[in-house]
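In: have a look at this prediction, sequence included:
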Amino acid sequence: MTLERKIANVFHLTDENWMRHANPVSVWTRYSVLPVIIISFWSRAWIGWWCLIPGGLSLLWMFFNPVVFGKPKSTRNWASKAVLGERVYLNRDQVKILGRHNVPLHKILKGISSAGLILALWSTVCYSIWGAILGVTMAYLGKSWFLDRMVWLYEDMKNEDETYKSWEY
């Protein structure tokens, strides 16, 4: 079982919920989670322990976001294809992905995104605004580039496997 499938199980991403998460509104609103967490915990100097409320709400939003929205009217857009590509990628232990997509770049991009997340969180603890901005930027650039690669993976794989082609409407 791939790490991505384990993470998907934590978020209860069933077939139905994957399609809900493929709603572009779900994809784009997830980008709000990290900045809200950073701002929430940054504000601990002014509002004390009350900062846990918006921070906790943001974490809840991250958890429930994939299932809150309905299925998209169409999956023929970048955001939906990125989610469908992630679904293809997490199944790579069951359905072999094309060789040009089986490259270390995916791990490098995840590493950049993870390093950015760690830097952003550390910078928040230390009240380093430039570190937090750099960390969030790294996290989002890494994640967005990874998602763009997932669009490409999905586009290529839907031509190889009828199951994937049926996801597009």
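Out: Looks like it came in fine. Numbering: from 1, shown residues only.

In: tell me the pLDDT of the residue nearest the centre of the chain.
Out: Nearest to the geometric centre of the chain sits residue 143, at 6.7 Å (Cα atoms, centre = their mean). The model reports residue 143 with a pLDDT of 97.

In: tell me what the helix or strand bottoming out on mean pLDDT in the chain is packed against?
Out: Ranking every helix and strand in the chain by mean pLDDT, DSSP states H and E puts helix 162-165 at the bottom, with a mean of 78. On a contact count with 3 or more Cβ pairs under 8 Å, 6 or more residues apart in numbering; DSSP states H and E, helix 162-165 meets helix 129-158. To be clear about C-beta, it is placed using only N, CA and C from the backbone, and glycine gets the same treatment.

In: who does the helix it packs on touch, helix- and strand-wise?
Out: Using 3+ Cβ pairs under 8 Å, 6+ apart, helix 129-158 is in contact with helix 33-42, helix 78-90, helix 105-126, helix 162-165.

In: residue most distant from the centroid, this structure?
Out: residue 46 (30.5 Å).

In: re the thing from before, in a markdown table, list the helices and strands packed on helix 129-158 along with mean neighbour count and distance to residue 21.
Out: Output for the helices and strands packed on helix 129-158, formatted as a markdown table (neighbours: other Cβ atoms under 10 Å; distance: least, Cβ to Cβ, whole Å):
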| stretch | mean neighbour count | distance to residue 21 |
| --- | --- | --- |
| helix 33-42 | 18 | 14 |
| helix 78-90 | 23 | 5 |
| helix 105-126 | 16 | 18 |
| helix 162-165 | 13 | 16 |
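
In: between those helices, which one is nearest to residue 15?
Out: Closest approach to residue 15 among the helices and strands packed on helix 129-158 is made by helix 78-90 (9.3 Å; Cβ to Cβ).

In: other SSEs contacting that closest one?
Out: Secondary elements touching helix 78-90 (3+ Cβ pairs under 8 Å, 6+ apart): helix 3-10, helix 15-21, helix 24-30, helix 129-158.

In: got TSV for the ones you listed, with distance to residue 80 too?
Out: Below are the helices and strands packed on helix 78-90 laid out as TSV (distance: least, Cβ to Cβ, whole Å):
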stretch	distance to residue 80
helix 3-10	16
helix 15-21	9
helix 24-30	6
helix 129-158	9
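
In: ok, which of these comes nearest residue 42?
Out: Between these, helix 129-158 lies closest to residue 42; by Cβ to Cβ that is 7.3 Å.
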